[in-house]
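> Here is the input, now give the coordinates:
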Amino acid sequence: MSLTLGKTFNRSYSIRVPLLDGFYNIGVFADKKSTFLLFDVHPDFKNSSFQHNFKINMFKNLESSKFCETFLELHNYRRDTLDISNQFKKVKDVYDHDLSYVLNETLIFSKVNLNDKEIFDCLNIYGFTMCSYSEEFVFILTERHHISKRLEKKIVRTSGIQIATTPALNFLEEFHQECKTNWKSGHQISGDPDKIIVINDIEENSIDETP
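Okay, here's the model as predicted:
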């Protein structure tokens, strides 16, 4: 059944991700005038039994994602000219060899001049897989950078979609528990696993963050 979109969404991007003996076709639909974003997912498998092995989860709040909580450092910052929630910063150093990028794209919708600075209204798309389950796991993180000219403010919102088999989810759970155990024992200082978003108190000088 095809997805029917109204006038809310006017930009789209298609991703084709290989998993097991087939593919998942993922559509990302965005609005060039806001942070609205929607996923559309269609499987394309030679053997339908492989398709039934996968579970799909969508996250409008990355705080609820065990993958993000375990592997990623995210950034939250608010001031008069910035409203940033869950912006992707990096893969945690300790897990650098456990993850691989499968996608890193930037779609620029427009260039805006604010306060004599050139900044971009854009959509960043990151794709990750766990190296040990590269054919059974993918996490797509979308990061919408919207510039409100009226408010002279940059707004960043993120969301994600995860496609994984049960063995891959079990493997993720092992990493998740290991992460929490290390944090409680003081071996890992990348953040509280029950609150992955850390407020950055370092004052930023301007709105012109690179997308």
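> Please make it C-alpha for all contacts and neighbour counts, starting now.
Will do.
> residue contacts, the nearest residue to Ser132 once chain neighbours are set aside?
Spatial nearest neighbour of Ser132, chain neighbours left out: Asp98 (7.5 Å); criterion: Cα to Cα, 6 or more residues apart in numbering. Each residue near Asp98 by Cα atoms under 8 Å, 6 or more residues apart in numbering is listed here: 130-132.
> Most neighbours of all those residues, which one?
Greatest neighbour count in those, by other Cα atoms under 10 Å, goes to Met130: 22 neighbours.
> Give the other helices and strands that the strand or helix carrying Lys180 contacts.
Using DSSP states H and E, Lys180 sits in helix 166-184. Under the contact criterion of 3 or more Cα pairs under 8 Å, 6 or more residues apart in numbering; DSSP states H and E, helix 166-184 touches helix 66-71.
> moving C-terminal of the helix it packs on, what's the next helix or strand?
Next element after helix 66-71 (DSSP H and E): strand 72-79.
> Partner strands of that next one and their direction?
strand 82-91 (antiparallel), strand 197-199 (parallel) (DSSP bridges).
> closest to Asn61 out of those?
strand 82-91 (8.2 Å; Cα to Cα).
> in the closest one, what's buried?
Neighbour-count burial for strand 82-91, counted by 16 or more other Cα atoms under 10 Å, picks out 82-88, 91.
> pLDDT of the helix or strand just after it, averaged?
The helix or strand immediately downstream of strand 82-91 is strand 99-114, counting by DSSP H and E. Averaging pLDDT along strand 99-114 yields 92.
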